[in-house]
Structure formats: C-alpha cells, structure tokens
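Asks: Provided below for reference: sequence and predicted model.
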Amino acid sequence: MKKNIIITSGPTNERIDAVMKITNMSTGALGNIVAETFLEDKAEEIDTIYYISTKMSYKPRIGSDKVKFITVESTEDLINALKEICATKKIDIIIHSAAVGDYAGKYTIRAEELVDEIWETIQNAENKDKVTKDILMNIFENPTSVCNDSTKISSYEPHLMTMMKLTPKVISLIKEMAPDVTLVGFKLLEGVSKEELFNVADRLRAKNHADYIVANDLAKIGGGKHWAMILNENGIVKECNTKKEIAKALEGILF
C-alpha cells in the first residue's frame, strides 16, 4: 500500500504586531532534501507527501502531483494543519523537522507604561509592605496598557518591551493525533559531547513516543556538512555527514 507522509519543515513565525515577527534561522533545507529524495527514489511507493512549511522556507522543486503544500506561519497554524490532515487522512509517516520556535510574543508594552502601573500599585497600597512579589509579578503577567498588536507599533518607541511565552511542544501532540504513525523527530544542540546529545535525544524520543530521532549538533553544520545521528529505542541506527545522507538514511529506514 502506498504511503501518506507528512513532512514539517522550516521555522515558525510568531507575530509581535502587524509587521514584526519572532522567528529563527531555520531555512527548511533539510526537510526539503528529505522530500526531494523520497520523490526521486520512492515515488511509486508514495501516495501523497503533505509538506507543511512557512512561505519563505525551501520547498521541493521536483514537479510532482504527489506533493501537497500547506503554508503556515505560527506554531498554532502548524498544530492546526497537523490536526486537520491526521483527522481526515490515514498518515503512515510524520517527519517533524520543522524548527518550531520555543517562544512567542505574549504582549508588547512601553516600558514607561509598565513602570507607571507598578508605581501606581505601590503608591495606592494601604500598606506598602504588603506589596508582594506575587502582586508585582501579576502586573508583569497581565499589564493593562499593552500595545495593540493588530496594527503596526511605532518605529520610534525608545523603550519597547515584549513579554515572551512558551509555545506548545508540537512533537508531544503528534502521537495523540495519529497513534499508529511512524514518527521521526529532530533534536538540535550545540557544541555538546556525542554522549550528551544522544542522552537528550533519547529522552525526547521516549517522552514523545517517537520511533526515531535525528540528533544534530549545530557546531557540526555548515560548509556543506551536516553531521547527525539517527537513533531509536535500540540505540544509534545510523550516523550521517550531510543532509543528503540523512535523507537517504531515513529513506532506507522508512521504506
């Protein structure tokens, strides 16, 4: 039976206002090469590749009616796209290579207004000694004078501040959406020992019920090189030195 595959690729973009976004340095190059390699070598065994990425990410250039492109922006968009596909299609493989941002903007505020709110709270307290850290933290969590993020914030604000919030961990949701899917996750660290990278990646695999993790070291990526190890519950399955080798290794494992 032909396989339905989801590949997530590239960064997520989290909006601060109508113009500004928080993103990361991912280009989607690895997910793109994985998709192209599968289409080159295993097209007869593929029904559809659902390729989920942001607008500016690399995308497969191989002309094929087997690829369906889904464009997303935010982490929420990515989750919604995965939910919709998994709810309507029988998915066999999910390769979650997207570099989902760890943080999104919660609100943006002028520092002067935040200071005014804190100062007013202190001055209006009947007993200033009872202005606790929790009270002040609540102001930071939910200030009243936040900027309108549906329009462009002025470029001339000298003390503009953005409060960040954690984004959902997409990989932790995938097996809930598709319990029987073969899940390939990715983990990126920088400048760590091979043992530490393995241990962190293996914990990620176990925690999220992933079948495979591609563990990368940012210090070993660049100049045409991309070292990574692919691991499963039994240990290291394969070590690779380029994006193409990673794609070929995944192809050999998944088909």
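Replies: That came through fine. Numbering: from 1, shown residues only.

Asks: those strands in the stretch 1-150 of the chain, which residues are they?
Replies: Taking DSSP state E, counting those that start in this stretch as the criterion, the stretch 1-150 of the chain carries its strands at 3-9, 14-15, 21-22, 46-53, 67-71, 93-96, 103-110.

Asks: So for the last one, what gets flagged as buried?
Replies: The neighbour-count check on strand 103-110 (16 or more other CB atoms under 10 Å) flags 104-110 as buried. All C-beta atoms are positioned from the backbone trio N, CA, C, and that covers glycine.

Asks: what's the answer for the first one, then?
Replies: Of all the residues in strand 3-9, those buried under the rule 16+ other CB under 10 Å are 3-9.

Asks: who's in contact with the most centrally placed residue in the chain?
Replies: Nearest to the mean C-alpha position of the chain, by CA atoms, centre = their mean, lies residue 100 at 1.1 Å. With contact set as CB atoms under 8 Å, 6 or more residues apart in numbering, residue 100 has these partners: 11-12, 75, 78, 167, 169-170.

Asks: Would you check which pair of those lies furthest apart?
Replies: 11 and 169 (15.5 Å; CB to CB).

Asks: re earlier: neighbour-wise, give me the winner out of the contacts of residue 100.
Replies: residue 12 (28 neighbours; other CB atoms under 10 Å).

Asks: That one reaches residue 79, doesn't it?
Replies: No: contact criterion CB atoms under 8 Å: residue 12 and residue 79 do not qualify, at 10.0 Å.

Asks: now what about stretch 194-206, what contacts it?
Replies: Under the criterion CB under 8 Å, 6+ apart, residues 171, 185, 187, 189, 192, 210-213, 215, 217, 229, 231-233, 236 lie in contact with stretch 194-206.

Asks: taking the residues you listed one by one, which sit in strands?
Replies: The strands, defined by DSSP state E, take in 185, 187, 189, 212-213, 215, 217, 229, 231-232, 236 from the contacts of stretch 194-206.

Asks: and of those residues, the nearest to residue 38?
Replies: Taking CB to CB as the measure, residue 212 is the one of the ones in strands among the contacts of stretch 194-206 closest to residue 38, at 14.9 Å.

Asks: Tell me the bridge partners for the closest one.
Replies: Beta-bridge pairing of residue 212 under DSSP bridges involves residue 184.

Asks: just checking, it touches residue 185?
Replies: Yes: here residue 212 reaches residue 185: they are 7.3 Å apart, a contact under CB under 8 Å.

Asks: How many residues are close by the nearest residue to residue 2 once chain neighbours are set aside?
Replies: Once flanking residues are discounted, residue 2 sits nearest to residue 47: 3.9 Å by CB to CB, 6 or more residues apart in numbering. Using other CB under 10 Å, residue 47 has 13 other residues around it.

Asks: wouldn't residue 47 be in contact with residue 6 here?
Replies: No: under the criterion of CB under 8 Å, residue 47 makes no contact with residue 6, lying 12.0 Å away.

Asks: hmm, back to that, which of the contacts of residue 100 fall in helices?
Replies: 75, 78 (DSSP state H).

Asks: Could you export the contacts of residue 100 to CSV, including columns for distance to residue 121 and pLDDT?
Replies: Output for these, formatted as CSV (distance: CB to CB, whole Å; pLDDT from 0 to 100):
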residue, distance to residue 121, pLDDT
11, 38, 97
12, 35, 98
75, 33, 98
78, 38, 98
167, 30, 97
169, 34, 97
170, 37, 98
